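Visitor: Sequence first, then the predicted structure, then my questions.
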Amino acid sequence: MRTIALMTDFGSNDNFVGVMKAVLFKVNPYINIVDISHDIPPQDIFKAAFLLKSSYRYFPKKTIFLVVVDPGVGSKRKPLIIQSRDYFFVGPDNGVLSLAADEDGIKKIVVIENKKYFLQPQSSTFHGRDIFAPVAGHISCGKDIGLFGRPLNSIKKLYLHQPEEKRNILRGKIIYIDRFGNLITNIDKNIFQRFTQNKKFKIKIKNRQLYSIVKSYQAVKPGKLLAIFGSFGFLEIALNGGSALKYLKAKIGTIVSIE
Amino acid sequence: MRTIALMTDFGSNDNFVGVMKAVLFKVNPYINIVDISHDIPPQDIFKAAFLLKSSYRYFPKKTIFLVVVDPGVGSKRKPLIIQSRDYFFVGPDNGVLSLAADEDGIKKIVVIENKKYFLQPQSSTFHGRDIFAPVAGHISCGKDIGLFGRPLNSIKKLYLHQPEEKRNILRGKIIYIDRFGNLITNIDKNIFQRFTQNKKFKIKIKNRQLYSIVKSYQAVKPGKLLAIFGSFGFLEIALNGGSALKYLKAKIGTIVSIE
Amino acid sequence: MRTIALMTDFGSNDNFVGVMKAVLFKVNPYINIVDISHDIPPQDIFKAAFLLKSSYRYFPKKTIFLVVVDPGVGSKRKPLIIQSRDYFFVGPDNGVLSLAADEDGIKKIVVIENKKYFLQPQSSTFHGRDIFAPVAGHISCGKDIGLFGRPLNSIKKLYLHQPEEKRNILRGKIIYIDRFGNLITNIDKNIFQRFTQNKKFKIKIKNRQLYSIVKSYQAVKPGKLLAIFGSFGFLEIALNGGSALKYLKAKIGTIVSIE
């Protein structure tokens, strides 16, 4: 039972995701399908790339990630299969696969070209259904990815902005906000520890200051702000029992600095 | 592994969908369940019928479609099983199954009456759980649909409004709007080509005009309107990189005419 | 094929639910996963407990319910496995499991402590992924729950408020509101029948009165209020073809009395 993981910006009002799963099960009924998220804001490639990078390593080896956030559907952007050390990624060449595949280590890239595996007639607006899903289904059957097209040397890449170190200030920013209103920064534990070197520090966000990293949300009183290394592996600003997002009126890009 | 596809207007806040799946797996754990959508607006039978018609043919043969958009639950409306050429449909006799089943070709209709297959005690408000799900589960085990009730000759039908041709104007309308704000008309490719006969044409929606059909969203500049044959098989009005819905303030029923 | 049922307050925007399923399939690919709901309002333990109680009995025996509504994650609240007569429950000891487990009959309680089964490194903010999911996965493989930690005698409990009987008035209240705007009270069929004893009665909610219990939503005219015993097993106030919630501007806690 191979796992196929899906992420799209298709939402849940239409039939787009269901139809992709239909195509997958038509090709291979002996798979487990997992939805990572379908509520990526329309065409928000960075958010999808970040969530994929934060998710892939928890999946069984040989999982196939089928990612359709694809504003360039029907244009010249290439449809890709990437084989990394432990996984397979299928989706458009717009950077959405790059953070995860790069981190895991890219071993092989294929441009999907073999129409034998496409649904016919093939639409120009829904390659998720007509190209990516059938190809992912066939990969789950154990087909060699070389069958689907020609090899490629490099893909379009996105990068996580690294925090900037200037004099004795480390300037990071909010790169993701979760449903609880937790504010996830781009400052990971290694960067933080190398910078603070176990000395006293001050975390600034908007006009607020925090002087410690806690181990759980409930380490501070209800309604109080806190800083914590969260499940994404990054420093997060949170509020016990509430939403730091609403409390601070922060947003993606808000500066979080360490002094 | 038979596939059972679900569509309801139950949303995701309550436990209704989860409980239907519980009942399905209790009857037959060796099935694949696919959600088409559960965000049909409450009791919007037409939208559900349209999405079912746009989805069914992508599913494996013998898939059972379990559709519960059922404002008449507990009243005299009949619970149905329809066997079509390649599929099975289970749901209320209010037209919701008719567009898909008719297109595929109805072979047999059964009114569900055999209480042996119902959950007991049976509620009068949730036939999805108490009648339709257990029956769909038993069909997936290979039971003949004649076991569940008596044959019926005809079902309640819905119709897609066809565009009207008058002098040299083809008057269609918006029948569906997807999450990206793409406006799907009732003008399919055949009707369009028969009407325009490869001559020059003008597409009018609200006070806008379009003079060509493009092959991809990116064939026009960002922020520009376009007309395209989309994945539903109908003419769509879209906006590259944005929402035609917001841009045109169109709605279901807005006229789209071809001259 | 064991079933694992999931309920969380994680919503669908992030990758939290997908990552928990990834962990489950990594431990055991031969399971069926059912989502009860992930749209529990953040940290609304009572709503989750009520939905779990309303759902569990429809699932196959030996289903494992993995419930993560966990405002105390990372604090001293205990991670639990409860074995009841027919089911297993995995989640935090904050009462969320108690309504269902108590009703089914608790047979054994274990505090999860054996780190051998945890994901490493273990976060302090996402025990759903790092503790509860791997443990649930291993239970689905048939492992004895004694392996995961030490036995416990009792759990934190929630209670459904019972309606109050005073002179000839039975005072209940709205405890749940579903997506259709149906208002579910805490008055179950037994309590109602014992109180009314087949005599005439009057149901009061806000400044409205109802004099009968109907069998289906369509037993009254469209736009009219009605009282019905719904699929949760409780008295519900509903509106044929609309939302009693909007019509009455009721809310959780609104009094419903029977005279």
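Guide: The structure has been received and is ready for your questions. Residues are numbered from 1 along each chain as shown, chains lettered A, B, ... in the order given.

Visitor: Show me which residues of chain A sit near chain C.
Guide: Selection of chain A residues close to chain C by Cβ under 8 Å from any Cβ of the partner chain yields A:1, A:3, A:5, A:7, A:12, A:32, A:34-39, A:51, A:54-55, A:58-60, A:63, A:178-180, A:215-219, A:228-231, A:236, A:241. In short, each C-beta sits where N, CA and C put it, glycine included.

Visitor: Show me the strands in the stretch 51-200 of chain A, by range?
Guide: A:64-68, A:79-84, A:88-92, A:106-112, A:149-151, A:164-166, A:169-177, A:183-188 (DSSP state E, counting those that start in this stretch).

Visitor: Lowest average pLDDT across the ones you listed?
Guide: Ranked by mean pLDDT, these end with strand A:164-166 at the bottom, a mean of 91.

Visitor: which other helices and strands contact that strand?
Guide: If contacts are counted by 3 or more Cβ pairs under 8 Å, 6 or more residues apart in numbering or on different chains; DSSP states H and E, strand A:164-166 sits against strand A:169-177.

Visitor: counting contacts, what elements does the strand it packs on pack onto?
Guide: helix A:45-55, strand A:164-166, strand A:183-188, helix A:189-196, strand A:234-239, strand A:255-258.

Visitor: So which bits of that strand are buried?
Guide: Buried residues in strand A:169-177, counted by 16 or more other Cβ atoms under 10 Å in any protein chain shown: A:170-177.

Visitor: Could you tell me the angle between that strand and helix A:45-55?
Guide: 90 degrees (axes from the mean of the first three to the mean of the last three Cα atoms, to 10 degrees).

Visitor: Now strand A:169-177 - C-alpha only, CSV.
Guide: The C-alpha trace of strand A:169-177 is given here as CSV (Å, rounded to 0.1, in the frame of the first residue of the first chain):
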residue,chain,number,x,y,z
ILE,A,169,20.6,42.1,16.2
LEU,A,170,19.1,39.0,14.5
ARG,A,171,16.3,40.2,12.2
GLY,A,172,13.8,37.5,11.2
LYS,A,173,10.2,37.7,10.1
ILE,A,174,6.9,35.9,10.2
ILE,A,175,6.7,33.4,7.3
TYR,A,176,3.6,31.4,8.3
ILE,A,177,0.5,31.8,10.5
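
Visitor: Residues in contact with that strand: which ones?
Guide: With Cβ atoms under 8 Å, 6 or more residues apart in numbering or on different chains as the test, strand A:169-177 has contacts from A:47, A:50, A:160-161, A:163-165, A:183-187, A:191-192, A:195, A:232, A:234-235, A:237, A:245, A:250-259.

Visitor: Recalculate using a threshold of 7 Å.
Guide: A:50, A:160-161, A:163-164, A:183-187, A:195, A:232, A:245, A:250-259 (Cβ atoms under 7 Å, 6 or more residues apart in numbering or on different chains).

Visitor: Pull out the buried members of those.
Guide: So, by 16+ other Cβ under 10 Å, the buried ones in those are A:50, A:163, A:183-187, A:195, A:232, A:245, A:250, A:254, A:256-258.

Visitor: how about those, which pair is most distant?
Guide: Taking Cβ to Cβ, the two most distant members of those are A:195 and A:245; they sit 25.1 Å apart.

Visitor: tell me which parts of the stretch 1-150 of chain A are close to chain B?
Guide: A:10-15, A:18-19, A:21-23, A:25-26, A:29-30, A:42, A:71-75, A:123-126, A:129 (Cβ under 7 Å from any Cβ of the partner chain).

Visitor: Rounded mean pLDDT for the helix or strand residue A:247 falls within, please.
Guide: Assessed by DSSP states H and E, residue A:247 sits inside helix A:244-248. Average pLDDT, helix A:244-248: 96.

Visitor: one step back: which among the buried ones among the contacts of strand A:169-177 gets closest to residue B:88?
Guide: Nearest member of these to residue B:88, counting by Cβ to Cβ, is residue A:50, at 41.4 Å.

Visitor: What's the separation between that closest one and residue C:63?
Guide: 34 Å (Cβ to Cβ, to the nearest Å).

Visitor: What of residue A:129?
Guide: Here the criterion is Cβ to Cβ. By it, residue A:129 lies 33 Å from residue C:63.

Visitor: now swap in residue A:209 and tell me
Guide: 48 Å.

Visitor: ok, the two, which is more surrounded?
Guide: residue C:63 (24 against 11; other Cβ atoms under 10 Å in any protein chain shown).

Visitor: and the closest residue to residue A:112 other than its chain neighbours, bridged to which residues?
Guide: Nearest-residue entry for residue A:112: residue A:79, 4.1 Å, with adjacent residues in sequence omitted and distances by Cβ to Cβ, 6 or more residues apart in numbering or on different chains. Beta-bridge partners recorded for residue A:79 (DSSP bridges): residue A:92.

Visitor: Next, count neighbours for residue A:79.
Guide: The number of residues near residue A:79, taken as other Cβ under 10 Å, comes to 21.

Visitor: same deal with residue A:85?
Guide: 11.

Visitor: dump the residue contacts of it.
Guide: A:104-105, A:107.

Visitor: ok, of those, which one's closest to chain C?
Guide: Nearest to chain C, judged by Cβ to the nearest Cβ, of the contacts of residue A:85 is residue A:104 at 14.2 Å.

Visitor: from what I can see the closest one touches residue A:89, true?
Guide: No. Counting by Cβ atoms under 7 Å, residue A:104 sits too far from residue A:89 to count as a contact (8.8 Å).

Visitor: Those two: who's more crowded?
Guide: Neighbour comparison, residue A:104 and residue A:89: the larger count goes to residue A:89, with 27 against 18 (by other Cβ under 10 Å).

Visitor: Many thanks, I have nothing further to ask.
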